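*Asks:* Provided below are the primary sequence and the corresponding predicted coordinates.
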Amino acid sequence: MNTSISTKEIWRIAVPIMIGNLAQTLITFTDTAFLGHLGVVALGASMMAGMYYFVFTTMAMGLAIGIQIIIARRFGAKEYNQIGSIFQHGAVSILIFGLLLFMIMRIFSSSLLDFIIESDNIYAGAMEYIDVRQFGIVFVCFNYLFRALYTGLSDTKVITYSTIIMATVNIILDYCLIFGHWGLPEMGIAGAALASLIAEVTATTFFFVFTYVKLGKSEYELFKHHGFNKELTLNIVRIATPTMFQKLFSFSAWFIFFILVEKMGEQAIGISSIARSVYMILFIPVFGFLATSNTLTSRIIGAGHADEVLKTVFRIIFNCVLCCIPLILVCVFFPTTVMSIYTDDMTLASSAIPSVYVICGAIIFQAIGAIAFESVSGTGNTQAALWLEFGILLLYIVYIWVLTNVTTHVEWVWTCEYIYGGLIAIVSIIYIKFANWKKLKI
């Protein structure tokens, strides 16, 4: 695979992003692990509320990825002095959008969750979680923006630092606030939400300080005053809007998965809460290579090497699958040990093992499909990426709906991840190979 992007360069960018994605994954992991000891209702409530919250934040993620694509393109073209203006316009957009998301959650969460969740117990727990966690959404939006900046610059080590801080704060406060240790109140589900909120605020504060100290006087001109640029604003909107909706559709579809599973009963949603947490752990390497695929695609196009995109994507996929295998083997050969982290209920643990086996295979399909798809966004044709995924998600939801109505075995429902991963891989690779995207200007 002849490409100017070496395996070493791929890993240099991907590893810090992998570690960075441990932040949200560790929050999910620690919430699930601690709350699992409070019972299946607490487990299901935190999972449903967390998924609901994540659906909102994914639109901010999409906006940040659009900004990241433009930054990476300018970085590849060595137009460094334009990056500061892009970042500042992006920061204003992120702030406005974050406040809008907060208002929507504040006003409509009660009605939306009541409509979505059948179990009164799970609904009450979910609202207890969201009533606290919603105050962190603006900080999450800025965390996405800073991650986009450093990923676009191919300088991702800072993401590692922010993750260590965020995860440490969350784990310690989870332990203290859920169970009432170290003199703090025993808050249960609300304690998990408060721990996550404080961790998010801490990470945002770190990003601001670190960026000012390290890049305050850099050639990127991040803190130099840049006046309003209408053309740049429209370009950000043009690139980022399809990405925002693509992420919204993508994670909304996954949320629909859990809504349909919840209708199978509290036991089914408890099993899927555990399976989701394991899935997110297995997905850690994939997250790192996803962002790498997106930013390297845009960067090498900016550097004038568009013919290397597909070869680079295949190299990234190979390295990602290689990185996933050790985690998969741990889950396959030691499932009981893995389950014991989440629950003391051996019946629940043994019931979750088949779903874990299913997702161990699905993660390979997801790695191939998601990395290929992110390269489509990296070309700058985010509208094509939106419509490609939208069609596949419709099939994905229909598949889930059929299975939740014909089987009581939740592990069969989890096979939907094979369908999604396989289809998105096929259409993305066909697009990269045959579509006319090489002359697209962003």
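*Replies:* Sure, I can see it. Numbers count the residues shown, from 1 in each chain.
*Asks:* ranges for the helices of the stretch 201-350 of the chain?
*Replies:* Per DSSP state H, counting those that start in this stretch, the stretch 201-350 of the chain carries helices over the ranges 230-262, 266-282, 284-302, 309-333, 335-342, 346-378.
*Asks:* tell me the first helix or strand C-terminal of the least confident helix or strand in the chain by mean pLDDT.
*Replies:* Of all helical and strand segments in the chain, the minimum by mean pLDDT, DSSP states H and E falls on helix 7-35, at a mean of 73. The helix or strand immediately downstream of helix 7-35 is helix 40-76, counting by DSSP states H and E.
*Asks:* what's the angle from that following helix to helix 284-302?
*Replies:* 20 degrees (axes from the mean of the first three to the mean of the last three CA atoms, to 10 degrees).
*Asks:* mean confidence for helix 40-76?
*Replies:* Averaged over helix 40-76, pLDDT sits at 83.
*Asks:* quick one, it and helix 230-262 angle?
*Replies:* Using the same axes, to 10 degrees: helix 40-76 against helix 230-262 is 150 degrees.
*Asks:* if we ignore the residues flanking it in sequence, what's nearest Cys320?
*Replies:* Phe289 (3.9 Å; CB to CB, 6 or more residues apart in numbering). Where you see a C-beta, it was placed from the backbone N, CA and C, and this is true even at glycine.
*Asks:* quick check: that neighbour vs Leu248, distance?
*Replies:* In this structure, Phe289 and Leu248 are 22 Å apart, going by CB to CB, to the nearest Å.
*Asks:* the residue nearest to Cys320 contacts Asn319, correct?
*Replies:* Yes - between Phe289 and Asn319 there is a contact under CB atoms under 8 Å: 6.8 Å.
*Asks:* next, show the common contact partners of the two.
*Replies:* 10, 14 (CB atoms under 8 Å, 6 or more residues apart in numbering).
*Asks:* the more surrounded of those two?
*Replies:* Shown here are Phe289 and Asn319; by other CB atoms under 10 Å, Phe289 has more neighbours (30 against 19).
*Asks:* residue contacts, that one?
*Replies:* With CB under 8 Å, 6+ apart, Phe289 has these contacts: 10, 14, 18, 316-317, 319-320, 323, 367, 371.
*Asks:* for this structure, give me the ranges with low pLDDT.
*Replies:* 1-4, 20-29, 31-33, 36-37, 39, 343-344, 439-440 (pLDDT under 70).
*Asks:* that older thread, tell me which of the contacts of Phe289 is nearest to Phe258?
*Replies:* Taking CB to CB as the measure, Ala367 is the one of the contacts of Phe289 closest to Phe258, at 21.8 Å.
*Asks:* tally up the residues packed near that closest one, please.
*Replies:* Ala367: 26 neighbours (other CB under 10 Å).
*Asks:* quick one: residues contacting it.
*Replies:* 285-286, 289, 317, 320-321, 324, 421.
*Asks:* make a markdown table from the residues you listed and add distance to Ala167 to it.
*Replies:* Output for the contacts of Ala367, formatted as a markdown table (distance: CB to CB, whole Å):
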| residue | distance to Ala167 |
| --- | --- |
| Pro285 | 17 |
| Val286 | 19 |
| Phe289 | 20 |
| Ile317 | 27 |
| Cys320 | 22 |
| Val321 | 25 |
| Cys324 | 21 |
| Gly421 | 27 |
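*Asks:* contacting residues around the nearest residue to Ala275 once chain neighbours are set aside?
*Replies:* Among residues not flanking Ala275 along the chain, Ser355 sits closest, at 4.1 Å (CB to CB, 6+ apart). By CB under 8 Å, 6+ apart, the residues touching Ser355 are 271-272, 274-275, 410-411, 414.
*Asks:* can you rerun that using 6 Å?
*Replies:* Ser355 sits next to 271, 275, 410-411, 414 when contact means CB atoms under 6 Å, 6 or more residues apart in numbering.
*Asks:* same question for Leu348.
*Replies:* Counting by CB under 6 Å, 6+ apart, Leu348 touches Gly270.
*Asks:* one step back: which one of the contacts of Phe289 is nearest to Glu262?
*Replies:* Ala367 (27.4 Å).
*Asks:* distance of that closest one from Asn294?
*Replies:* For Ala367, the distance to Asn294 - CB to CB - is 14 Å.
*Asks:* now swap in Asn121 and tell me
*Replies:* Distance from Asn121 to Asn294, by CB to CB: 40 Å.
*Asks:* of these two, who's got more company?
*Replies:* Of the pair Asn121 and Asn294, Asn294 is the one with more neighbours under other CB under 10 Å, namely 26 against 15.
*Asks:* my read: that one touches Val376, true?
*Replies:* No - if you go by CB atoms under 6 Å, Asn294 and Val376 don't touch, sitting 9.2 Å apart.
*Asks:* if we can go back for a sec, columns distance to Ile189 on top of the contacts of Phe289, output as JSON lines?
*Replies:* Shown next, in JSON lines, are the contacts of Phe289 (distance: CB to CB, whole Å):
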{"residue": "Ile10", "distance to Ile189": "40"}
{"residue": "Ala14", "distance to Ile189": "34"}
{"residue": "Met18", "distance to Ile189": "29"}
{"residue": "Ile316", "distance to Ile189": "38"}
{"residue": "Ile317", "distance to Ile189": "39"}
{"residue": "Asn319", "distance to Ile189": "39"}
{"residue": "Cys320", "distance to Ile189": "34"}
{"residue": "Cys323", "distance to Ile189": "34"}
{"residue": "Ala367", "distance to Ile189": "32"}
{"residue": "Ile371", "distance to Ile189": "35"}
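*Asks:* now for those: which two are most distant?
*Replies:* Met18 and Ile317 (15.0 Å).
*Asks:* neighbour count winner among the two?
*Replies:* More crowded of Met18 and Ile317, by other CB under 10 Å: Met18, with 26 against 21.
*Asks:* thanks a lot, catch you later.
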